[in-house]
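Peer 1: just to be clear, the model below is a prediction. Sequence and coordinates:
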Amino acid sequence: MAIWLSEDIRKFKKMKVFIAGGTSGIGAALANLYLAKGYLVAICGRDLQKTVIEHGNLTKYEVDVLNVEMLQLYVLDFVQQEPLDLFINTTGSYADDVARKIRYNESIDMLQINIVGTVNCFEIARKVMRKHNQGHIVTIASISGTLHYPKASLYSKSKRAVIQIADAYRKALEPFGITVTTIAPGYVDTQKLRDLNQQNLSKKPYLVSQEEAAIYIADAIVKKKELYVFPWKMKVLMKFLSYFPARFLDIMMYKKAKWMKND
């Protein structure tokens, strides 16, 4: 009888999902998707006024991923000694250093959020999940980080670093029953992307909606993918470009960035 009750509790236990950067964009789309599944979801972001999500199973925290102490406190507050099933880091910062000169403050902010913020999320999720030796950590990189060439933008190199950081954590955490998935999306129709492109996304190939992106990501999580690149057409394109000489890629990618900025 006791065994049956234990199995029954596990069967009907609501999954706990914490989404860093869940106040908008891909993070918000994922939050809506998991809330629709009946999961208990927590989101955090720098500004809670950005989110319009309201749900009985939703918990909101206002915190920056660079504030590791407060972020850890909020994650612990959410789990309340129970297992954390899924931690998704969707935070990221972009500064265009290909088509124009990048400012110092922009580059520092981008590197801190994309790299330090990523490590902070991994460390907090790792500590919480190690208590139960289970869980799944997901981090959002970028498809641009999958293509390596010397003069790639600082943004692309920072996202390539995210992929490498995730690889290191995957190897270290696998013996403890903790899965790590890296997501490398192409262009996703978020408000942030629209703001960066004067509301004109006509030059963004193979664009997908936030809702489509969330479905792709959720499916990759279920399948426990190590590195998932989408959409598939963009993945094929990047694979094709990887065969070109680095010198050619430097020139071509610079011209592409200038064209996209209408320079």
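Peer 2: Alright, I've got the coordinates. Residues are numbered from 1 along each chain as shown.
Peer 1: ok, Phe230 touching Ala214?
Peer 2: No: assessed by CB atoms under 8 Å, Phe230 is found out of contact with Ala214, at 11.2 Å. (Each C-beta comes from the backbone N, C-alpha and C, glycine too.)
Peer 1: which residues of this protein score low on pLDDT?
Peer 2: For the chain, the stretches flagged by pLDDT under 70 are 1-13, 96-101, 257-263.
Peer 1: quick one, strands of it?
Peer 2: Using DSSP state E, the strands of the chain run over 16-20, 40-45, 58-62, 86-89, 135-140, 178-185, 188-189, 208-209, 227-230.
Peer 1: contacting residues for Lys60?
Peer 2: 23, 42-44, 48, 51 (CB atoms under 8 Å, 6 or more residues apart in numbering).
Peer 1: and if we set it to 7 Å?
Peer 2: Contact analysis of Lys60 by CB atoms under 7 Å, 6 or more residues apart in numbering lists 43, 48, 51.
Peer 1: using PyMOL, define a selection of the buried residues within the residues you listed.
Peer 2: Remark: buried members of the contacts of Lys60, expressed as a PyMOL selection using 16 or more other CB atoms under 10 Å:
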select buried, resi 43+51
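Peer 1: let me know the closest of the contacts of Lys60 to Ser144.
Peer 2: For the contacts of Lys60, the closest approach to Ser144 (CB to CB) belongs to Ile43, at 25.4 Å.
Peer 1: tell me how many other residues crowd the closest residue to that closest one other than its chain neighbours.
Peer 2: Closest residue to Ile43 apart from its sequence neighbours, by CB to CB, 6 or more residues apart in numbering: Gly22 at 2.9 Å. By the criterion of other CB atoms under 10 Å, Gly22 has 31 neighbours.
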